[in-house]
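**Student:** starting from these lines, generate the structure:
(chains A and B)
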Amino acid sequence: MAELAPKELFGSLASIVGGKRVSIVKRDREVYARDMWPRLLINRRQGGELEHLPHAVVWPESEREVAAVIRYANKQGIAVIPYGGGSGVCGGVVPLRGGITIDLKRMDAIQSISREELVTDVQAGANGERFERELRSKGYTLGHFPSSIYCSTVGGWLACRAAGQLSTKYGKIEDRVVGLTFVTGKGEVIKTDEFARARRGPDWTQLIVGSEGCLGIITSARLRISPAPEITVLRGFEFDNVQEGTRAIRKVMQRGLKPAVVRLYDEVDTFINHISIFESHSEEALETDGLCPWPTKDSGALPALPTPGGEGTRKSGGAGERAMGLGRKLASRIKHGATAAALARPKLVNSTFGALANTVSNSGCKMIIGLEGPRLRTEVEAQLTFAAIERAGGRDEGEEPGLRWLAHRYAVSYKMSPLFREGGFVDTMEVASTWERLPDLYESVKAAIAAHAVVMAHFSHAYADGCSIYFSFAGRAEGLQETQNKYDEIWRAGMAAATRVGGTISHHHGIGLLKGQAMHTEHRESMTLFRALKNTFDPNNIMNPGKMGLPLHGEMSIL
Amino acid sequence: MSTKPRPALLAEIKTIVGEGNFSPEGRHCHANPSSASEVSQLAICAAKHQATLIPVGNGGHSTPTDDLRPQILLNMRRMHHVLYLDPTSLVVHAQAGITGLVLEELLNRRGLTLGTFAPEGLGSTLGGLLSVRTPGKSSRQHGTLEDTVLGVSAVLSDGRSLHTRVAPRRASGPDFARVLCGSEGTLGIITSAHLRVHKLPESRLLAAFRLPSMGDAFTAVRLAMREEAAPAAMRIYDRAEAMMHLGEACQRDEALLVAATAGPTSLAACDRDLIASAVSAGGGKRGRDDIAVAWWERRTGKSEHAAPPAPNLQISATPRMLGPVYDAIVVTCEELGVHFRAHASRFDRDGGVLFVSVQGAQGAPLSAKSPKLQAIEEAAESAGAYLLGKPNASLQRYSDLLRDGLDPSSVLNPGVLR
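**Tutor:** As a prediction, the model looks like this:
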């Protein structure tokens, strides 16, 4: 990009969207320089500087304005980065070449809801939770509940092929989309929402969904909606081990049953989850911590769902109770002071947690499973599902664990802060494979991460042909550089392990900057297709350059 | 430029596919490769000799009238193997030359199925079924055939092979398999595919219903689906079509709805009851089960009755628009003085397909070029229908750009999607 004169840039953009909806102020540019990628949080926490800032931020209010900004940028060779809620965890919005960041949040209208067709037209900047709340008020649901729902947008979901917690029933966002309105890297507006199945040629919607702003900007979408569920049935089960639990999920899915949610926690995740029930969040820290806000209970930011009473299903006595006590102490130390010591010895902590989890013999692996929908069919399907789970070795723990999960299901997104505050980091790696490869995927990725960080996993987003595994890990090193090195090494090892056994590097978080190199490992020659799409829609490579394994500068050779 | 394949080209094709697996015929040369590697070599050969490479399934192909280059017609029938069946994941990896029917038969022997797709829609090769998107291959229970694709292997115009990642779902970029599915061999030649398969249903229940009108029947289907009924198949016949297909007499405006529900018995029964409730709400009533049995036998090719003539108009519409579109066809046919009959099926979450047979005064089907048929098509489109088999005109320019990027010399199937 040629050197930009800030005033000239401001003037040009102001002529499109008006002066009040453009900023070249440094503080604004800093805000839009990052998302929730933990590597950037590490950098921020440890006093690092932001390497890349956009030259300007604009807040368009219409598709026409978005198109005009992109046409201007294309003419000038300026990079354009779309920005939704900023909740991405892969650095997808980092302006590697500077340029113009387009925040779509002012384009948040629900344009229509068709009760008979069960579709809605919504603009890309609509906040997830508000959108769902609006649909619910009219008796519908999108069925898409990512844990980022309070801070993510419809456009962001589509850009990275997001999944919600109830995706097993409703599908991922790509399963809910009928069509898109999309502004290409040339500033042209196209609509893919013709009745796709009647048309010849590729399904253009599916070629754009998941492109993370590298081809253009999604400005609105037509999405499938469902009638709001009449009933929701939740249940907890317990399995001896991961193998039995995953086998049970597979049997349910391959029988053609569609639970809304299935989550199987491995032994360590079960253990940590169990402990965390008894640990309250440190609200004291919130008052002094503006970097990673954690909404308080009365802030209105968290869902007002019924909180289950009682102390849960903890069993007492014997070695199990002693081990549980030790585990709580260990977890507590991690939370309240000894983080450095614990996270610096991931192999020891992994083996300790693993051994403790095994010792707590009545802990095993917990499963949360739930169904929702119209009363009659849901009741029939729930009976079949729960019976199948029991036949596969699941021990019924009643609805309490399910209700507890429901009450806290969004809280996980706000639990990062204490660990970062202690100088450590926490992140998640969501991979997927067919059932046949799933045991290898689980063992390989776990081992790869465990060499560097404390790791646990749960299995969720199940299909008849496979499942996703969601690894959570926490680590620490001395100083910014070493911490970043360790963080990078975890991802290199984890991605290599996933692709080596035939898994995918991402089930629903997307690629961004984080997994760009791994894109080539996963797709190899298929990247040719991506480069061809890039050249079709964005021949001058102005759209979010340098992401998803695509080049930062210049033109590309397709073949 | 000569339109006939030159000797050098023929010799190279022969070297690639072997004696007996190629045959020159005028400007064409039929080549029957046995592997993706041979397809790859043929692509390189075509580019080198300035020929075109045209995939041929079981059917014909389009020949561009203004393209005089020699043509290599790629018949995939030797690539007809099931490469791997993963019984744990219920995924089959099959070569592009196997027909849907043969694959279904092989799967059935293992207690598996591709899905509840009508056999009449599975006669083509797998490569053909995936390359050409039509709503004929869809069901409420299992979606469209391309929804079952986990990954594809293909050969590009420069001979490079690619394999899209096989995963139940991904968030690593756009769905690259969808670039190739529906592209009709213009962006790459599909050589094999990984498909989701399903266990054969534990039980199947058949039921027939009568409703006061076609509109009521469309409404009942919509209501049942709203209650999340997921039948394996449903079909709505108007009076003339009910008589033609099933020999069943209906009152003047009456419609006949037949449904098959499948899965665990209690769930199949639940789905059938949901449909019955929706029918009842629309003023309909349960019909005789033997009508549904006759329909199912015909659908699965077990009926001894000859298949009725193919419809000359196939149109698709969203759930809400099916009724108005049918009404528009009725009015137009009456105005034009032509006879017609229709049935609707392939219902899924996005709509259904109307199959309409229109006949002139002498009872002969109207030809595709008949002004009356075109008038009916226009009336249907005005009422909200989509005529099947047209490219998305608004995206044609991007389609061409994508094609130019992947196949700059226009080697692959140049006669289609332009």
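
**Student:** need phi/psi at whichever residue of the stretch 301-418 of chain B sits closest to chain A.
**Tutor:** Per C-beta to the nearest C-beta, B:Tyr386 is where the stretch 301-418 of chain B lies closest to chain A, at 3.6 Å. (C-beta placed from N, C-alpha, C; glycine too.) Backbone torsions of B:Tyr386, given as degrees, to the nearest 10, read phi -120, psi 120.

**Student:** OK, contacts around the closest residue to it other than its chain neighbours?
**Tutor:** Ranked by C-beta to C-beta, 6 or more residues apart in numbering or on different chains and with sequence neighbours excluded, the top spatial neighbour of B:Tyr386 is A:Ala198, at 3.6 Å. Listed by C-beta atoms under 8 Å, 6 or more residues apart in numbering or on different chains, the contact set of A:Ala198 reads B:Pro135, B:Ile315, B:Ser316, B:Tyr386, B:Leu387, B:Leu388, B:Lys390.

**Student:** give me that answer again for 6 Å
**Tutor:** Residues near A:Ala198 by C-beta atoms under 6 Å, 6 or more residues apart in numbering or on different chains: B:Ser316, B:Tyr386, B:Leu388.

**Student:** neighbouring contacts of stretch B:268-278?
**Tutor:** By C-beta under 6 Å, 6+ apart, stretch B:268-278 touches A:377, A:380, B:203, B:205, B:207, B:220, B:223-224, B:227, B:229, B:231, B:259, B:261-262.

**Student:** buried residues in it?
**Tutor:** For stretch B:268-278, burial by neighbour count (16 or more other C-beta atoms under 10 Å in any protein chain shown) applies to B:Ala268, B:Cys270, B:Asp271, B:Arg272, B:Asp273, B:Leu274, B:Ile275, B:Ala276, B:Ser277, B:Ala278.

**Student:** among the residues you listed, which ones are in helices?
**Tutor:** B:Ala268, B:Cys270, B:Asp271, B:Arg272, B:Asp273, B:Leu274, B:Ile275, B:Ala276, B:Ser277, B:Ala278 (DSSP state H).

**Student:** save the residues you listed as TSV, and put in distance to A:Arg524 and pLDDT too.
**Tutor:** Output for those, formatted as TSV (distance: C-beta to C-beta, whole Å; pLDDT from 0 to 100):
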residue	distance to A:Arg524	pLDDT
B:Ala268	43	97
B:Cys270	45	98
B:Asp271	43	97
B:Arg272	47	98
B:Asp273	50	98
B:Leu274	46	98
B:Ile275	47	98
B:Ala276	52	98
B:Ser277	52	98
B:Ala278	49	98
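
**Student:** which two in those residues are spaced the farthest apart?
**Tutor:** Spanning the widest gap among these are B:Ala268 and B:Ala278, at 16.1 Å by C-beta to C-beta.

**Student:** how about the residues of the stretch 1-150 of chain B by chain A?
**Tutor:** Counting by C-beta under 6 Å from any C-beta of the partner chain, the residues of the stretch 1-150 of chain B close to chain A are B:Asp86, B:Thr88, B:Ser89, B:Leu90, B:Val91, B:Pro135.

**Student:** the same query, at a cut-off of 10 Å, please.
**Tutor:** Residues of the stretch 1-150 of chain B lying near chain A by C-beta under 10 Å from any C-beta of the partner chain: B:84, B:86-91, B:132-138, B:141-144, B:146-148, B:150.

**Student:** in strands, which of the residues you listed appear?
**Tutor:** Among the residues of the stretch 1-150 of chain B next to chain A, the ones falling in strands (DSSP state E) are B:Tyr84, B:Asp86, B:Val91, B:Ser138, B:Gly143, B:Thr144, B:Leu150.

**Student:** run a quick neighbour tally on the second one.
**Tutor:** This points to B:Asp86. Residues contacting B:Asp86 under the criterion other C-beta atoms under 10 Å in any protein chain shown number 17.

**Student:** contacts only, for B:Asp175.
**Tutor:** A:161, A:174, A:202-203, A:205-210, A:529, B:146, B:149, B:151, B:164, B:169, B:181 (C-beta atoms under 10 Å, 6 or more residues apart in numbering or on different chains).

**Student:** list the buried residues for the helix or strand containing A:Trp491?
**Tutor:** Applying DSSP states H and E as the criterion places A:Trp491 in helix A:479-500. Of the residues in helix A:479-500, A:483-484, A:486-487, A:489-491, A:493-499 count as buried by neighbour count, 16+ other C-beta under 10 Å.

**Student:** now flag whichever of the residues you listed is closest to chain B.
**Tutor:** Chain B has its nearest neighbour among those in A:Thr499, at 8.5 Å by C-beta to the nearest C-beta.
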